[in-house]
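Novice: Whatever this is, show me its structure:
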Amino acid sequence: MNCEDFEKDHKKEMRAVQDSMDVLNGKWKISIISSICYYNKRRFSDILGDIDGISNKMLSKELKELELNKLVKRTVLDTQPVTVQYELTAHGKTLQTIINNLTEWGIKHRREIIGK
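Specialist: Got it, this is the predicted structure:
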């Protein structure tokens with residue numbers, strides 16, 4: 001591979017990383033995906049309880065963005081009162097490996113830094 005081809009491939013890879021970061025960008029999206037991922041289906045209030053510090057408004061905004069990016073499916077259940085449930089789409093489930101890897105890395109990192 002010559003230098004020019006290498007540079008083109010590198011730029012393509014960097015663009016893919018940037019595309020991924022654009023979709024998952026923000027303080028809360030990975031945590032929201034993790035909450036849904038670990039439990040399969042979650043109600044709004046369950047996700048809210050899982051994530052320390054997120055507001056109702058921010059959770060609603062982030063869930064809408066995840067829906068737009070076809071990572072999360074929103075289902076309104078015919079209950080009294082109405083229940084809204086969230087689950088990962090087939091495309092969203094492709095993030096499972098990444099979530100698992102982040103979990104493992106986070107555990108190891110915590111041990112490395114603070115010994116717990």
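
Novice: any low-confidence regions in the chain?
Specialist: Applying pLDDT under 70 to the chain picks out residues 1-3, 5-6, 116.

Novice: Going by length in residues, pull out the top helix of the chain.
Specialist: Taking DSSP state H as the criterion, the chain has its longest helix at helix 3-24.

Novice: Downstream of that helix, the next helix or strand is which one?
Specialist: For helix 3-24, the following helix or strand on the C-terminal side (DSSP states H and E) is helix 29-39.

Novice: Show me which residues of that following helix are buried.
Specialist: Lys29, Ile30, Ser31, Ile32, Ile33, Ser34, Ser35, Ile36, Cys37 (16 or more other Cβ atoms under 10 Å). Every C-beta, even on glycine, is put in place using the N, C-alpha and C of the backbone.

Novice: Check which helices and strands it is in contact with.
Specialist: In terms of contact count using 3 or more Cβ pairs under 8 Å, 6 or more residues apart in numbering; DSSP states H and E, helix 29-39 is assigned the packing partners helix 3-24, helix 44-50, helix 56-68, strand 72-77, strand 83-88, helix 90-93, helix 96-114.

Novice: hmm, back to that, buried sites along the longest helix of the chain?
Specialist: Neighbour-count burial for helix 3-24, counted by 16+ other Cβ under 10 Å, picks out Val23, Leu24.

Novice: and the angle for it with helix 56-68?
Specialist: Angle of helix 3-24 versus helix 56-68, following axes from the mean of the first three to the mean of the last three Cα atoms, to 10 degrees, is 130 degrees.

Novice: what angle do helix 3-24 and helix 96-114 make?
Specialist: With the same axes, to 10 degrees as the criterion, the two stretches helix 3-24 and helix 96-114 enclose an angle of 90 degrees.
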